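> Requesting a structural model of the entry that follows:
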Amino acid sequence: MNAAHPSGSDREEAQEVSRLLPEAPEWDLPRGRHRHHKDILMQQIDLHHESVAAATPPHGRASAAPTPLRRRLLRPAVAVPVAALALTGALAATLTFTDDDHGATPVAQAPASDGGATVLLNQIADASLRTDTAPVKDGQYVYVRSTVRSNEGTFAGPVELGAPHRREVWMAQTSKPVKTLGTMKETGRGVPMSGQLLPYKSTDALAPGLERPTYAWLASLPTDPDQLLDELYAGTRTGGRESEDQAVFEKIGSLLDETVMPPKNAAALYKAVARIPGIKRIPDAVDAAGRHGVGVARQDDRSASRSEWIFDSESLTYLGSRSYLDKDGKGMKLAGTNAILRRTVVDKSGTMPADTTADS
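Numbering: from 1, shown residues only. Next up, the predicted model:
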């Protein structure tokens, strides 16, 4: 935009700004300087239309969906004194705008506050939509094989990470409430009843839901990220020590491990995570199988814990997770990690997928 020779549309935008923004007190700035700062604002909005990234507002605030800013003038949601416009670039990167025509609320905010986690999560969401996932039928089982290392230290003692072992689960997809959620088998050094098929049970019969996330239940969730996040916050119980935000982050992490998720719902889930405050991007994270990837993490000071999810740097598929604890105030120590090695659907609990063997 050329402030010295504005076009007709530019003049209309400037007039719109003049109408929307309140006049500053006379002692604030001379009238000529008001026009100067209005022009600067218009220039900064124009410059940032293509380059600004979506922000990560706290849960319950304006949406952080990666909707691009529209080319026409967007009306500021909060009136700003004209004198404040002298912040120029910083102002243009932090104002919140609303689109009155469509009800959308794209947010422009200074990037890097989350280390790029929001951008990464939106990329993962887009990759999820390209996943070729066949629906899972009622009566089938989701089979997941993983490598796991768990904390074997006592509750009051230091963290002691155990040796890697193999974990296999067959999670029932029935729509009926059940006490036997599926079957599991863990194999490795120091594992109780190593190599034996054991029922995966609950004390009470559980219907499909957040504690027993079947494919059909996941498919029933809202695909609007804000509505989805509201449901997750409403349905997640905290353990007493962690914050509500951390509890929801960790609950979502559990959904990533041993389910098959419909693509649209997976995309909504990752976009919902981008709205949880405190998330960070980890440039290099390693899963329990030694695979390097990029991570999304959240650290909770209240519970002195940290959770990380790891994704393949190229395909952005989920690889596994890591968890950390600070039990003695001397810093976070790795307390658990896993790596998802196989994920598919079988017709019978305890059976191996047709294209693999027990030793693969």
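
> hey, let's count contacts and neighbours off CA atoms from now on
OK.

> quick one: Pro263 and Leu129 touch, right?
Yes - in this structure, Pro263 sits in contact with Leu129. The criterion is CA atoms under 8 Å, and the distance is 5.0 Å.

> how about the strands in the stretch 151-300 of the chain?
165-172, 178-187, 198-206, 279-286, 292-300 (DSSP state E, counting those that start in this stretch).

> related to what we said a few turns ago, okay, Pro263 and Leu129: which has more neighbours?
Neighbour comparison, Pro263 and Leu129: the larger count goes to Pro263, with 21 against 16 (by other CA atoms under 10 Å).

> how close does that one get to Gln140?
Counting by CA to CA, to the nearest Å, the separation of Pro263 from Gln140 is 19 Å.

> which one is Thr131 nearest to, not counting chain neighbours?
Counting by CA to CA, 6 or more residues apart in numbering, Thr131 lies nearest to Pro263, which is 6.3 Å off, once chain neighbours are set aside.

> what's near enough to touch the closest residue to Glu160 other than its chain neighbours?
In space, and not counting its chain neighbours, Glu160 is closest to Gly153: 4.7 Å by CA to CA, 6+ apart. Taking CA atoms under 8 Å, 6 or more residues apart in numbering as the definition of contact, the neighbours of Gly153 are Val159, Glu160, Leu161.

> I figured the first one hits Ser323, correct?
Looking back up the chat, that one is Val159. No - here Val159 lies out of contact with Ser323, judged by CA under 8 Å, at a distance of 11.2 Å.

> Next, show the common contact partners of the two.
In terms of CA under 8 Å, 6+ apart, Val159 and Ser323 are both contacted by the residues Leu334, Ala335.

> Look up how far Trp217 lies from Glu244.
Using CA to CA, we find Glu244 at a distance of 23 Å from Trp217.

> what about Ile340, neighbour count?
Applying other CA under 10 Å, we find 21 other residues in the vicinity of Ile340.

> If you could redo that for Met193, that was the one I meant.
When neighbours are counted by other CA under 10 Å, Met193 registers 12.

> Next up, the contacts around it.
Residues near Met193 by CA under 8 Å, 6+ apart: Glu186.

> and it, what pLDDT?
Listed pLDDT for Met193 reads 93.

> Flag the shaky bits of this structure, pLDDT-wise.
Scanning the chain for pLDDT under 70 picks out 1-112, 156, 356-360.

> quick revisit: just the buried residues of the contacts of Gly153.
Buried subset of these (neighbour count, 16 or more other CA atoms under 10 Å): Val159, Leu161.

> any chance of the contacts of Gly153 in CSV, with distance to Gln173 too?
Formatted as CSV, the contacts of Gly153 follow (distance: CA to CA, whole Å):
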residue, distance to Gln173
Val159, 35
Glu160, 35
Leu161, 32
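
> of all the contacts of Gly153, which comes closest to Lys330?
Proximity of those to Lys330 was ranked by CA to CA; the top entry is Val159 with 11.8 Å.

> returning to that earlier point: list the residues that contact the residue nearest to Thr131.
Taking CA under 8 Å, 6+ apart as the criterion, Pro263 is in contact with Ser128, Leu129, Arg130, Thr131, Asp132, Thr133.

> For the third one, the count of nearby residues, please.
Counted with other CA under 10 Å, the neighbours of Arg130 add up to 11.

> Tell me the spacing between it and Leu316.
When CA to CA is the yardstick, Arg130 and Leu316 sit 11 Å from each other.

> Ala219 too?
On the measure of CA to CA, Ala219 and Leu316 end up 21 Å apart.

> who's more crowded, the two?
Using other CA under 10 Å as the criterion, Ala219 and Leu316 rank with Leu316 on top: 20 against 17.

> In what element of secondary structure is the more buried one found?
Using DSSP states H and E, Leu316 falls within no helix or strand.

> Now it. Nearest residue, chain neighbours left out?
Residue nearest to Leu316 in three dimensions, not counting chain neighbours: Ile124, with 5.7 Å by CA to CA, 6+ apart.

> what helices or strands is the helix or strand where that neighbour lies leaning on?
Assigned by DSSP H and E, Ile124 belongs to helix 117-129. The helices and strands touching helix 117-129, judged by 3 or more CA pairs under 8 Å, 6 or more residues apart in numbering; DSSP states H and E, are helix 263-273, strand 279-286.

> buried sites along the longest one?
By neighbour count on 16+ other CA under 10 Å, the buried set for helix 263-273 is Pro263, Lys264, Asn265, Ala266, Ala267, Ala268, Leu269, Tyr270, Lys271, Ala272, Val273.

> Return the member of those residues nearest to Gly293.
Nearest to Gly293 among the buried residues of helix 263-273 is Tyr270, at 16.8 Å by CA to CA.

> Report the separation between that closest one and Thr118.
9 Å.

> Check Ile340 too.
With distances defined as CA to CA, the gap from Ile340 to Thr118 amounts to 23 Å.

> before we move on, what about Thr203?
Plainly put, Thr203 is 38 Å away from Thr118 if you go by CA to CA.
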